[in-house]
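# Below are the sequence and a predicted model; questions follow.
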There are 2 protein chains.
Amino acid sequence: MGYTVALVGATGAVGTRMIQMLEESSLPIDQVRFLASARSAGKTLLFKGQEISIEETTENAFEGVDIALFSAGGSTSAKYAPYAVKAGAVVVDNTSFFRMNKDVPLVVPEVNSHALEKHKGIIACPNCSTIQMMVALEPIREKWGLERIIVSTYQAVSGAGQSAINETENQYRQILNEGVAPKDTTANILPSGGDKKHYPIAFNALPQIDVFTDNDYTYEEMKMTNETKKIMEDDSIAVSATCVRIPVLSGHSESVYIETQKVAPIDEVRAAIASFPGAVLEDDVSTQTYPQAINAVGSRDTFIGRIRKDLDAEKGIHMWVVSDNLLKGAAWNSVQIAEELHARGLVRPTKDLVFDLK
Amino acid sequence: MGYTVALVGATGAVGTRMIQMLEESSLPIDQVRFLASARSAGKTLLFKGQEISIEETTENAFEGVDIALFSAGGSTSAKYAPYAVKAGAVVVDNTSFFRMNKDVPLVVPEVNSHALEKHKGIIACPNCSTIQMMVALEPIREKWGLERIIVSTYQAVSGAGQSAINETENQYRQILNEGVAPKDTTANILPSGGDKKHYPIAFNALPQIDVFTDNDYTYEEMKMTNETKKIMEDDSIAVSATCVRIPVLSGHSESVYIETQKVAPIDEVRAAIASFPGAVLEDDVSTQTYPQAINAVGSRDTFIGRIRKDLDAEKGIHMWVVSDNLLKGAAWNSVQIAEELHARGLVRPTKDLVFDLK
């Protein structure tokens, strides 16, 4: 009657939140299977109080799986997601590997769940920094149109995984308990595990997330540009981002400036956001009410505040957008996609395989 | 032969840096006098190894003073700066009280030291977040003109004084050593000592610095708007800011977007910045070279990097600007103004008093 759900990358920072989201999900689940690297195989993880052994991720591991959630890095998704599809599963991929593939819907359920209808076996979950911005801006785009977006992010270290969280906490202990200067603390992971140099994040702000592309923007910044256009199905929306890591453990904040196509009265913008699913208005400066990272942690919602007119541009609006990057930015958005696939009757094997087996 | 220099507010976070800047200054200084509240009077501070007693700030404390540096809060400047002028001193005020007064030059020496010529006894040092942005943008404005600025700041807690530094460190100790959740740590100062509610900054980002004005912007944000127009002597430059406190001890970072009047080739922008006094170009993404708060601490310079074209606007440029908010943002810019006054022969009593004694 229910589904067999496989979770690839169950042991990571996002994976542990995915387990929690699946435990709390309304999806009819018969069986959960945890897949990971050979290193973790044989260990156990709890699901609803029951111990489940971790299996190694292999080409043949997806037999009988209905829904496969991937969150183990782009190369794992690239290699194994097509085998999951071939075995009859629907894949919800939380990595960047398939996001810009024309055969892959890129979905924030509140914004474009209709795109799921054309899926060919793989659905991509957008980047954390993009998702929360989409929840904040879709209610505005629907009513007044969007000309451009300029966004500066304040991103939490958990976006770089559990090892980045550990590194950050260790740097603070070095500073506060051992008297080490912030610039002399131990850094082996941030700003990007895949890049050459590593810098401390404790008491610092690093204007680099992911590696640089050849246009002097980082991949993280270009994700916000390209994914926004794909999700909103409008290549004409101008998006330029500056993505910055700050010493917050979880909860991404964003300073978002937009220009709308039609003049949008601020009171109506607030009302549109307040009534949009997944969006929570926290905007009353008279009571110092605005979104904060430490308050957003643990919630599936996206919090929006500091909404105000630009001082000069008639169609310009500034706002402050905060969400738990591990939940709406990753684990919850992925499980939410799975729930939406179920609601639409789209959890079914794909006959015409379009993704190459490697 | 040399000057008598009075420092009002010598015991604060900025005051201690002012002492250091005066010790290292080329100003001919005969005598330094430290003024503070009655609470600190009688204590001593070192200047070039010599113990100097702190005197109470009173209306009569400025007899014989040539240069008075004020950094003890707006109300102290409002009350005592006119008495210092009456006594024949030139005041360099680091508070916001006189900044927008038409009779007060607002000066970043690299940008508009010519404005000193018309001083009437009081010169204002701009807000920390404005100063570093001016150093970064003046070389661009000179060559290509400036249409608009959109800035999101990443400001350090030391901008709110030593008590905010102590509070931040205590919050981290509560979290890391006592297992307190970030949202449950003790907060009595930030986001603004003058506002009603206080929130933790450790592992958080607070989109409020100073209190709110009636247009939903904070005073800190409006300082960036109004001071930029005054320093650049151009009310037509559009400036909208989002000012955010992040858990950094010292070193303000800023994500700055500008639109120039004429198209500015990025290579030429880099060259213009590199040759501008007080500005240091740190901009090579191939070696992950960009400004970082922890590296800027202790330097008088402003560091600029991540310079790149907007992806859509032909005249749009993004950059990342970092400086030590206690030095160029306050103590150094104030002492630098004093040096410039000396160099221009402007350290002299004012005859026609325009500031009311209270």
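That came in fine, so what should we check first?
# Quickly list the domain ranges of chain A.
With domains defined by automatic domain parsing, chain A comprises A:3-126+A:331-343, A:130-325.
# Shouldn't residue A:172 be within a strand?
No - read with DSSP: H, G, I helix; E, B strand; the rest coil, residue A:172 is helix and lies in no strand.
# Which residues are in contact with the closest residue to it other than its chain neighbours?
Counting by C-beta to C-beta, 6 or more residues apart in numbering or on different chains, residue A:172 lies nearest to residue A:202, which is 5.0 Å off, once chain neighbours are set aside. (Glycine included, C-beta is placed from N, CA and C.) With contact set as C-beta atoms under 8 Å, 6 or more residues apart in numbering or on different chains, residue A:202 has these partners: A:168, A:171, A:172, A:174, A:175, A:182, A:185, A:247.
# Quick check: the two most widely separated of those residues?
Farthest-apart pair in those is A:174 and A:247; separation 13.2 Å (C-beta to C-beta).
# which of these two has more neighbours?
residue A:247 (26 against 18; other C-beta atoms under 10 Å in any protein chain shown).
# that older thread, to residue B:103, which of the domains of chain A lies closest?
Closest among these, once you apply C-beta to C-beta, is domain A:130-325, at 25.5 Å.
# Which helix or strand contains the residue of the stretch 51-200 of chain A at minimum distance from chain B?
In the stretch 51-200 of chain A, the residue that lies nearest chain B is residue A:152 (3.8 Å; C-beta to the nearest C-beta). Assigned by DSSP states H and E, residue A:152 belongs to strand A:146-154.
# and the direction of that strand versus that of strand B:146-154, what angle?
Relative orientation of strand A:146-154 and strand B:146-154, computed by axes from the mean of the first three to the mean of the last three C-alpha atoms, to 10 degrees: 40 degrees.
# Pull up the pairing partners for strand A:146-154, direction included.
The pairing partners recorded for strand A:146-154 under DSSP bridges are strand A:238-242 (parallel), strand A:252-260 (antiparallel).
# Dump it to PDB, restricted to CA.
Output in PDB follows, covering the C-alpha atoms of strand A:146-154 (Å, rounded to 0.1, in the frame of the first residue of the first chain):
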ATOM      1  CA  LEU A 146       9.600  41.100 -11.300                       C
ATOM      2  CA  GLU A 147      12.200  43.100 -13.300                       C
ATOM      3  CA  ARG A 148      15.300  42.500 -11.300                       C
ATOM      4  CA  ILE A 149      16.800  41.100  -8.100                       C
ATOM      5  CA  ILE A 150      19.900  42.200  -6.300                       C
ATOM      6  CA  VAL A 151      20.600  40.000  -3.300                       C
ATOM      7  CA  SER A 152      23.400  39.800  -0.700                       C
ATOM      8  CA  THR A 153      23.300  36.700   1.500                       C
ATOM      9  CA  TYR A 154      24.300  36.000   5.100                       C
END
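# For that strand, what is the distance to the chain centroid?
With C-alpha atoms, centre = their mean, to the nearest Å as the basis, strand A:146-154 stands 17 Å off its chain's centre.
# Over to stretch A:81-96?
18 Å.
# go on, stretch A:119-126?
Per C-alpha atoms, centre = their mean, the centroid offset for stretch A:119-126 relative to its chain is 14 Å.
# any idea of the mean pLDDT for it?
Average pLDDT, stretch A:119-126: 98.
# What are the contacting residues of it?
Stretch A:119-126 is contacted from outside by A:81-82, A:84-85, A:89-94, A:98-99, A:101, A:103-108, A:116, A:131, A:134, A:223, A:227, A:231, A:330, A:333-334, A:337, A:341, A:346, A:350, A:352-355, using C-beta under 8 Å, 6+ apart.
# for that stretch, how far is the first residue from the last?
The straight-line separation of the ends of stretch A:119-126 (C-alpha to C-alpha, to the nearest Å) is 15 Å.
# can I get the strands paired with strand A:146-154 in TSV with distance to residue B:43?
Shown next, in TSV, are those (distance: least, C-beta to C-beta, whole Å):
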stretch	distance to residue B:43
strand A:238-242	45
strand A:252-260	41
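# Of those strands, which is nearest residue B:303?
Nearest of the strands paired with strand A:146-154 to residue B:303, taken as C-beta to C-beta: strand A:238-242 at 15.5 Å.
# Put the alpha carbons of that closest one into CSV.
Listed next in CSV are the C-alpha coordinates belonging to strand A:238-242 (Å, rounded to 0.1, in the frame of the first residue of the first chain):
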residue,chain,number,x,y,z
ALA,A,238,17.7,40.1,-13.9
VAL,A,239,19.4,38.5,-10.9
SER,A,240,22.8,39.3,-9.5
ALA,A,241,23.9,37.9,-6.2
THR,A,242,26.7,38.4,-3.7
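# quick one: contacts for residue A:344?
With C-beta under 8 Å, 6+ apart, residue A:344 has these contacts: A:113, A:116, A:117.
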